[in-house]
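Peer 1: show me the folded form of this:
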Amino acid sequence: MVFYYSGTGNSKYAAEKLLAVAGGELVSIADCVKNETFEFTPAVGEIVGFVFPVYCYTVPMTVQDFARKLKINTDREVYSFAVATCGATTGSALRTFNKLFPVSAMFGLPMVDNYIPFLDAVPTESEAEEILSNSDIILDDIIYNLSHRQSGDLNRYEGKGSKFISLIAGKGYANRRPTSDFSSNDKCVGCGLCESICPTSSVKVIDGKAVWTEQNCDLCFGCLHRCPNEAINYKNKTQGKGRYINPRIKL
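Peer 2: Numbering: from 1, shown residues only. Model (predicted):
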């Protein structure tokens, strides 16, 4: 059983790969939170895994909420793991998750960075493929460790000064995630994709146009990257930078 949270497909791609060794089913964390489903019973021998991206050096708010409420119904000891996907470093995200829901093993997994406000442009198709090929090598190593039930903090991508950076960035992320920074332009045709995929139900289509109706969201940028017309922007920091969706998976 592998629980995943994914805005642009990176973490879902990794979760599908890891399901081969974990067994069971692939479960969307966002759907669980929306449906208030927090109790699960793994089969005998099943591994319980969690795959999520790093936002501002910490854990997405929806994933934090899920981890606090999750209950695994079993009287057996269950081997578990957490994988944090990131652009370069995970910061203290895995340590934060482990405090909310302790796991047997923790791993970092660098993938294609798509935090678009901080990028000059999203990676080109060839650049993304090269990065994903390197990610596959790391994924194979994670799978090897999981198949041998290795335990402990096996994350090699925490980064220097992660504790201090994560503390500052994490507090900022927890306290300030305003949806007022998002907007839709005249390219918006009201298709409803953004509304259907938003993990926090923060965006609605009203009078044929995307409108943000909640004050905060997770900042997953799924609405922005996956809009078929590139009609969504964040402040003045995303225009003309391209968009990214993991090319190896269907969302």
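Peer 1: ok, and what's touching the helix or strand where residue 174 lies?
Peer 2: For residue 174, the host element (DSSP states H and E) is helix 162-175. For helix 162-175, contacts defined as CB atoms under 8 Å, 6 or more residues apart in numbering pick out 55-58, 61, 89-93, 96, 159, 219. (C-beta placed from N, C-alpha, C; glycine too.)
Peer 1: do the same with stretch 198-207
Peer 2: 5, 7, 29-30, 33-34, 60-62, 179, 182, 190-192, 194-195, 210-214, 216-218, 220, 222-223.
Peer 1: just the residues you listed: which are in strands?
Peer 2: In strands, judged by DSSP state E, the following of these are found: 182, 210-212.
Peer 1: neighbour count for the residues you listed - can I get that in a markdown table?
Peer 2: Shown next, in a markdown table, are these (neighbours: other CB atoms under 10 Å):
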| residue | neighbour count |
| --- | --- |
| 182 | 22 |
| 210 | 25 |
| 211 | 17 |
| 212 | 21 |
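Peer 1: next, give me the two most distant ones among those.
Peer 2: Greatest spatial distance among the ones in strands among the contacts of stretch 198-207 (CB to CB): 182 and 211, at 9.5 Å.
Peer 1: could I get the full set of strands for the protein?
Peer 2: For the chain, applying DSSP E gives strands covering 2-4, 26-28, 39-40, 48-53, 71-72, 80-86, 105-110, 152-153, 182-184, 203-206, 209-212, 232-234.
Peer 1: just name the most buried of the ones you listed.
Peer 2: Across the strands of the chain, averaging neighbours per residue (mean count of other CB atoms under 10 Å) puts strand 48-53 on top, at a mean of 28.
Peer 1: mean confidence score for that one?
Peer 2: Mean pLDDT, strand 48-53: 98.
Peer 1: so what does it touch, helix or strand wise?
Peer 2: Where contact means 3 or more CB pairs under 8 Å, 6 or more residues apart in numbering; DSSP states H and E, strand 48-53 is packed against strand 2-4, helix 10-22, helix 61-69, strand 80-86.
Peer 1: okay, those in TSV with distance to residue 122 next?
Peer 2: Output for the helices and strands packed on strand 48-53, formatted as TSV (distance: least, CB to CB, whole Å):
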stretch	distance to residue 122
strand 2-4	21
helix 10-22	12
helix 61-69	23
strand 80-86	16
